[in-house]
Structures are given as C-alpha cells and as structure tokens.
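Peer 1: based on what follows, work out the 3D shape:
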Amino acid sequence: MSKIETMRVWDKDVVSDLSVLVGRTMATVTATHDELHMAGEDGTLVRLYHDQDCCESVQIEDIAGDLADLAGTPLLMAEEVVSDDEPKKGEYDESWTWTFYKFGTAKGYVTVRWYGTSNGYYGEGVDVAIALPVPEGGKNE
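Peer 2: Predicted coordinates:
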C-alpha cells in the first residue's frame, strides 16, 4: 500500500482547501489518468481523485505545463475553478462538469483539467484530500 492510500490513518489532519499548499515545496508530483499525487518536502500529502460510483466518470482530460515545474520550489498558486459552462465532451453525456486545478511556482504554471460526467444523479467533482504534517507539540498549522 502506498503512502497516499494510507494517509487517512496517519497522525495527520486531512483537509481539502488548496490554499494551505501555497508556500509549501513539493518533492514529487505525479499523475495517472484519474489521480494526481503530490508529496511535500515537509511531509504534506495531496491526492486529487474521484471515488467512482455507478453512472459517473471523472478523469484527467489533460495537463497543460510540466508537472516537474511544481517540484523543488515553493508553490505560489494553488486554486480550483469549476465550470459546467464549457461544452460537453461526449454526444451522450447527460450532465458534465469541467474542473481545473491551477498550480504555479517560480519555475512555471500547470493546469490539470478534469472532466466529469454522469446521468445527473451522481457526482462529477474531484475529491481533494490534503494531509498536513503534525508539527512538534501536536497541533496542526
């Protein structure tokens, strides 16, 4: 089992507000077709994914920029933009949502574009889990 899969059982708080990432330096950033993982030099863990259910699909459509630009230097920007105004991808998609994750460092900017579709009764959003390290003394930052 990987660190990212076990982060909920670590002695850490799990949050979903991307703003906590600004100023943190990521050691690694990786992506598959349906997940984005970041591991911070300070022990921060980030997982963007979708817990798939029946009649829905949420996946990374494309990545603009180089994920390597997000490692080794502090994040200056981390934000989410959600839109259902963008055109649907598939002819038979009944309901759809585009979600854009924008990250930036001094080395460059990356936009990860997700596309979610469903029959209208299921979720189309991206799940965000951020595990923050517990500093000496116990309480999170």
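
Peer 1: run through the residues that contact G90.
Peer 2: T117 (C-beta atoms under 8 Å, 6 or more residues apart in numbering). (C-beta placed from N, C-alpha, C; glycine too.)

Peer 1: how about it, phi and psi?
Peer 2: The phi/psi pair for G90 (degrees, to the nearest 10) reads phi -100, psi 140.

Peer 1: now do it against T117, distance only.
Peer 2: 7 Å (C-beta to C-beta, to the nearest Å).

Peer 1: and the strands in the chain, which stretches?
Peer 2: 13-15, 26-31, 36-40, 45-49, 56-64, 77-83, 95-105, 108-118, 127-132 (DSSP state E).

Peer 1: model confidence over the shortest one, on average?
Peer 2: Strand 13-15 shows a mean pLDDT of 56.

Peer 1: ditto for the fifth one
Peer 2: Per-residue confidence for strand 56-64 averages out to 95 on the pLDDT scale.

Peer 1: name the helices or strands packed onto that strand?
Peer 2: strand 108-118 (3 or more C-beta pairs under 8 Å, 6 or more residues apart in numbering; DSSP states H and E).

Peer 1: do you know which of the strands of the chain lies nearest L70?
Peer 2: strand 26-31 (4.6 Å; C-beta to C-beta).

Peer 1: so, low pLDDT: which residues of this protein?
Peer 2: Filtered on pLDDT under 70, the chain yields the residue ranges 1-16, 135-141.

Peer 1: quick check: closest non-adjacent residue to the residue positioned nearest the centre of it.
Peer 2: Compute the mean C-alpha point of the chain, and by C-alpha atoms, centre = their mean the closest residue is L48, 3.1 Å away. Excluding the flanking residues, the one nearest L48 by C-beta to C-beta, 6 or more residues apart in numbering is L36, at 4.2 Å.
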